[in-house]
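Enquirer: Quick one: sequence and predicted model below, then my questions.
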Amino acid sequence: MSSRAAAKSRSTDQQADRPARLLAWYDRHRRTLPWRAAAGEHADPYRVWLSEIMLQQTTVRAVGPYFEKFVSRWPDVTALGRASLDDVLRMWAGLGYYSRARNLHACAVTVLTDHGGVFPDTEEGLRTLPGIGPYTAAAIAAIAFDRRTMPVDGNIERVVTRLYAIEEALPQAKPLIKELAATLLGAARAGDEKSRAGDSAQALMDLGATICTPKKPACALCPLNDDCAARVRGDQETFPRKAPKKSGTLRRGAAFVVTRGDELLVRSRPEKGLLGGMTEVPGSEWLARQEDAAALAQAPELRGGTRWHRKAGVVTHVFTHFPLELVVYTATVPPRTRAPDGMRWVPVATLDGEAFPNVMRKVLAHGLGL
């Protein structure tokens with residue numbers, strides 16, 4: 001029997017009270033999160049959307065302070081839609097995956113201009129907005145509007161693959177996982193018209209984050225432990241099955257840290273592409289097998305010539321698709337030296353307010369000791 005057939009066979013025999021047990025556990029142990037509505041309160045679609053975008057490939061701990069800063073500055077989607085992209089990128093700096101910030105701003109503008117500042121309340125409507133894919137649309141629809149759908153994030157994948165001992169590897173197993181996760185949607189309380197779909201989704205997320213963890217899951221505390229096929233087998237930590245990752249080819253380049261008194265030479269990256277719109281110091285192309293001499297030849301041309309000093313060591317950074325090594329060169333130029341076209345001088349004292357991605361903050365720490 002295939003893993004798909006076996007999982008479906010187990011699902012037909014599942015105990016009918018499984019969703020109810022999950023919700024009863026959630027009502028006792030739900031996490032308190034800045035974006036989560038209190039029990040019995042209606043969720044704010046703006047806060048749900050903002051948190052879901054921020055949480056993509058980022059931890060709850062890392063997102064918390066950024067979420068608080070955003071809602072303090074822009075308390076609703078109308079305020080965010082009226083903000084400039086530069087301000088949004090500056091506020092986002094350090095959170096990574098910067099295409100999310102550009103999509104966040106574009107989505108807020110679209111909701112403001114095309115939807116009167118009100119989010120669509122269906123998966124289909126949400127999918128039409130910039131930066132909202134199938135998972136995010138399902139999450140917002142379930143949590144903010146109680147639509148009867150089950151979003152599947154990494155935590156839910158882990159819970160479901162263990163519960164049903166799904167042998168098929170990710171990402172091929174995703175359709176089966178989504179199908180089985182939907183069987184855990186809870187029904188309404190007596191006298192309540194709401195389906196508690198949002199609570200069911202958040203219950204599974206919390207279960208994966210706090211009990212059904214990647215390593216050493218606390219199975220004894222799990223409300224579904226009696227039904228868990230992987231627990232019965234004793235191989236919980238081997239799920240979900242994953243295909244081997246392909247590591248990208250190392251790219252190399254140079255970064256040029258130029259100071260003029262108490263100012264630093266910077267430029268903005270193109271709006272489209274990797275780290276689009278972010279601030280950086282001038283640099284070479286990032287290429288596989290690039291020689292140091294070829295990278296140095298791409299240094300910015302400054303009137304009067306420049307003496308470059310190579311810093312010992314390299315800056316390393318890992319992007320989603322490739323690792324990067326940067327050699328850092330520093331130079332000091334005379335007062336009144338003009339910035340090359342497309343570049344500008346900014347005070348070193350105000351660098352925290354610039355939209356530097358993490359890789360550039362590493363460069364500045366290496367080149368300036370910041």
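Expert: It's in.
Enquirer: going forward, measure contacts between C-alpha atoms and count neighbours the same way
Expert: OK.
Enquirer: where does the stretch 151-300 of the chain dip in pLDDT?
Expert: 188-194 (pLDDT under 70).
Enquirer: hmm, try it at 80
Expert: For the stretch 151-300 of the chain, applying pLDDT under 80 flags the ranges 187-195, 245-247.
Enquirer: Which residue ranges of it form strands?
Expert: Using DSSP state E, counting those that start in this stretch, the strands of the stretch 151-300 of the chain run over residues 251-260, 263-268, 279-280, 287-288.
Enquirer: Any chance of JSON lines for these, columns mean neighbour count and distance to residue 38?
Expert: Listed next are the strands of the stretch 151-300 of the chain as JSON lines, based on neighbours: other C-alpha atoms under 10 Å; distance: least, C-alpha to C-alpha, whole Å:
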{"stretch": "strand 251-260", "mean neighbour count": "24", "distance to residue 38": "47"}
{"stretch": "strand 263-268", "mean neighbour count": "20", "distance to residue 38": "41"}
{"stretch": "strand 279-280", "mean neighbour count": "24", "distance to residue 38": "38"}
{"stretch": "strand 287-288", "mean neighbour count": "14", "distance to residue 38": "49"}
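Enquirer: To residue 144, which of those lies closest?
Expert: strand 279-280 (34.5 Å; C-alpha to C-alpha).
Enquirer: Listing partners with orientation, what would you give for that closest one?
Expert: strand 263-268 (antiparallel) (DSSP bridges).
Enquirer: contact partners of the strand it pairs with?
Expert: 257-259, 277-282, 339, 342-348 (C-alpha atoms under 8 Å, 6 or more residues apart in numbering).
Enquirer: With stretch 48-62 instead?
Expert: 35, 36, 63, 67, 95, 100, 104, 136, 139, 140, 143, 144.
Enquirer: pretty sure the first one is touching residue 47, no?
Expert: Right, residue 35. Yes - assessed by C-alpha atoms under 8 Å, residue 35 is found in contact with residue 47 at 5.5 Å.
Enquirer: that older thread, which among the contacts of strand 263-268 count as buried?
Expert: Restricting those to buried positions leaves 257-259, 277-282, 339, 343, 345-346, 348, with burial counted as 16 or more other C-alpha atoms under 10 Å.
Enquirer: Next, give me the two most distant ones among the residues you listed.
Expert: Pairwise over these, using C-alpha to C-alpha, the maximum falls at 259 and 277, 22.0 Å.
Enquirer: returning to what we had before: arrange the strands of the stretch 151-300 of the chain in a markdown table, one row each, with distance to residue 109 as further columns.
Expert: Formatted as a markdown table, these follow (distance: least, C-alpha to C-alpha, whole Å):
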| stretch | distance to residue 109 |
| --- | --- |
| strand 251-260 | 34 |
| strand 263-268 | 22 |
| strand 279-280 | 22 |
| strand 287-288 | 35 |
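Enquirer: I'd like to know which of these is closest to residue 195.
Expert: strand 279-280 (45.8 Å).
Enquirer: Distance from the chain centre to that closest one, please.
Expert: 20 Å (C-alpha atoms, centre = their mean, to the nearest Å).
Enquirer: what's the answer for stretch 166-175, then?
Expert: 22 Å.
Enquirer: next one: stretch 299-311
Expert: 37 Å.
Enquirer: So for that stretch, what gets flagged as buried?
Expert: Quick answer for stretch 299-311 (16+ other C-alpha under 10 Å): 299, 300, 306, 308, 310.
Enquirer: With respect to residue 111, which of those residues is nearest?
Expert: Proximity of the buried residues of stretch 299-311 to residue 111 (C-alpha to C-alpha) peaks at residue 300, which lies at 41.0 Å.
Enquirer: Name the nearest residue to the closest one, sequence neighbours excluded.
Expert: Residue nearest to residue 300 in three dimensions, not counting chain neighbours: residue 282, with 6.8 Å by C-alpha to C-alpha, 6 or more residues apart in numbering.
Enquirer: Also residue 285?
Expert: Nearest residue to residue 285 in three dimensions, chain neighbours excluded: residue 253, at 6.0 Å (C-alpha to C-alpha, 6+ apart).
Enquirer: ok, that neighbour touching residue 289?
Expert: No - using C-alpha under 8 Å, residue 253 is not in contact with residue 289, being 9.2 Å away.
Enquirer: Run a quick neighbour tally on residue 65.
Expert: Residues lying near residue 65 (other C-alpha atoms under 10 Å) number 11.
Enquirer: how near is it to residue 58?
Expert: Using C-alpha to C-alpha, to the nearest Å, residue 65 is found at 12 Å from residue 58.
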